[in-house]
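**Q** heads up, no residue letters with this:
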């Protein structure tokens, strides 16, 4: 069950990477996986927004912190010294 503390921890982790390039892997069910890249644009109390790298149209996509906690979304921050996977804290 999602606790407020775990969700707050995920938000705090993401706050540190606002403006950074991220890789997004979203599991849509029935073996459908969507992979995209973009920039972590903003975090809000319940959701975070990623600006996608699209050629024709500027597009944004949002997810809740619960999506990260339940592992229906995987986020990886791209840095010069390597990649960092954002994951829910396990107790």
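**A** Looks like it came in fine. Here the structure is a predicted model, which means the values were calculated and not measured.
**Q** going by C-alpha atoms from here, please, whenever you check contacts or count neighbours.
**A** OK.
**Q** give me the contact list for stretch 56-64.
**A** Defining contact as Cα atoms under 8 Å, 6 or more residues apart in numbering, one finds that stretch 56-64 is touched by 46-53.
**Q** buried residues in it?
**A** 63-64 (16 or more other Cα atoms under 10 Å).
**Q** cool, and stretch 26-46?
**A** Using 16+ other Cα under 10 Å as the test for burial, stretch 26-46 gives 26-27, 37-43.
**Q** got it, and stretch 4-11?
**A** Neighbour counts over stretch 4-11 (16+ other Cα under 10 Å) mark 6-7, 10-11 as buried.
**Q** ok, stretch 62-82 next?
**A** Across stretch 62-82, burial judged by 16+ other Cα under 10 Å covers 63-69, 73-78.
**Q** identify the farthest-apart pair in those residues.
**A** Using Cα to Cα, the buried residues of stretch 62-82 reach their maximum pairwise distance at 66 and 78, which is 21.8 Å.
**Q** could I get the full set of strands for this structure?
**A** Using DSSP state E, the strands of the chain run over 21-29, 32-43, 47-52, 59-64, 73-79, 82-86.
**Q** out of the ones you listed, which gets nearest to residue 15?
**A** strand 32-43 (6.6 Å).
**Q** ok and the closest one relative to strand 59-64, angle-wise?
**A** Orientation check (axes from the mean of the first three to the mean of the last three Cα atoms, to 10 degrees): strand 32-43 against strand 59-64 gives 90 degrees.
**Q** okay, now the sheet partners of strand 32-43, with direction.
**A** strand 21-29 (antiparallel), strand 47-52 (antiparallel) (DSSP bridges).
**Q** out of these, which gets nearest to residue 84?
**A** Ranking the strands paired with strand 32-43 by proximity to residue 84 (Cα to Cα) places strand 21-29 first, at 9.2 Å.
**Q** ok, the most centrally placed residue in the chain to residue 56 distance?
**A** Residue closest to the average C-alpha location in the chain (Cα atoms, centre = their mean): residue 75, at 4.3 Å. Plainly put, residue 75 is 24 Å away from residue 56 if you go by Cα to Cα, to the nearest Å.
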